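Novice: What would the 3D arrangement of this be:
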Amino acid sequence: MKKLFLVLIVLNYTITSKAQDASVEKSIYGIQTGLLGVWVHNEYKLSNAFALRSELGIDAGVSITRDNTDFLAAPVITLEPRWYYNLNKRVKKSRRIDGNSGNFISIKTSYHPDALLTSVRDNVNFLSDITIVPTWGIRRNIGKHFNYETGIGVGYIKIFKEANTTVSSQDVAVNLHLRIGYRF
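Specialist: From the prediction side, this is the model:
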């Protein structure tokens, strides 16, 4: 009888330890780079599956006209709530979830102020904007500190007009990113 009781206690402990929910990390810091920029970020845990990502970075781009081609670099501020929806599934399959490694759905909200970090010709004017883009993405770890991330989404952009411009004030925004990063 004592052996049966001991086996039941061990089984109960094993089942309860596996029943715990997987969770995002409390707070992670990192830096990422991609083809068109560099970004520093923090992800703060809101619940077991939700994290709030804040990001400061430099978005790069190219402006091509008939006469010239200009390289542009502008600061960007991003706030992005993320839902990591497959953490429990990854744990069941013995896959890593450290560093918030998993699939996510987010609402990426970015603001570009009316400032350029590169010099351009006098007739080129950069307008500030805000974008709100629902995004699906994944993050995976490479070793202990390195990771890669990719995402895709389509949303809304609002461009803040200046006087005497013919630019449309709202349009469709696309978020397509592939980044490699380092987690501190």
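Novice: What's the end-to-end length of stretch 33-40?
Specialist: One end of stretch 33-40 to the other measures 9 Å (C-alpha to C-alpha, to the nearest Å).
Novice: Any chance you could list what contacts that stretch?
Specialist: Under the contact criterion C-beta atoms under 8 Å, 6 or more residues apart in numbering, stretch 33-40 has outside partners 29-32, 55-61, 73, 76, 78, 177-181. For the C-beta atoms, the positions are set from N, CA and C on the backbone; glycine is no exception.
Novice: Burial check on Pro65, number of neighbours?
Specialist: If you look again at residue 65, you'll see it is Thr, not Pro. Using other C-beta atoms under 10 Å, Thr65 has 10 other residues around it.
Novice: The one 4 residues further on too?
Specialist: Neighbours of Thr69 under the rule other C-beta under 10 Å: 8.
Novice: and it, what are its bridge partners?
Specialist: Thr69 has these beta-bridge partners by DSSP bridges: Ile64.
Novice: Roughly how far does it sit from Gly61?
Specialist: 11 Å (C-beta to C-beta, to the nearest Å).
Novice: and the contacts of stretch 33-40, which are buried?
Specialist: Neighbour counting over the contacts of stretch 33-40 (16 or more other C-beta atoms under 10 Å) leaves Gly30, Gln32, Glu55, Gly57, Ile58, Asp59, Ala60, Val76, Thr78, His177, Arg179, Gly181 as the buried ones.
Novice: ok, those vs Gly137, which is closest?
Specialist: Among the buried ones among the contacts of stretch 33-40, His177 lies closest to Gly137 (C-beta to C-beta), at 7.8 Å.
Novice: Tell me, what's the model's pLDDT at the closest one?
Specialist: Predicted confidence (pLDDT) for His177: 93.
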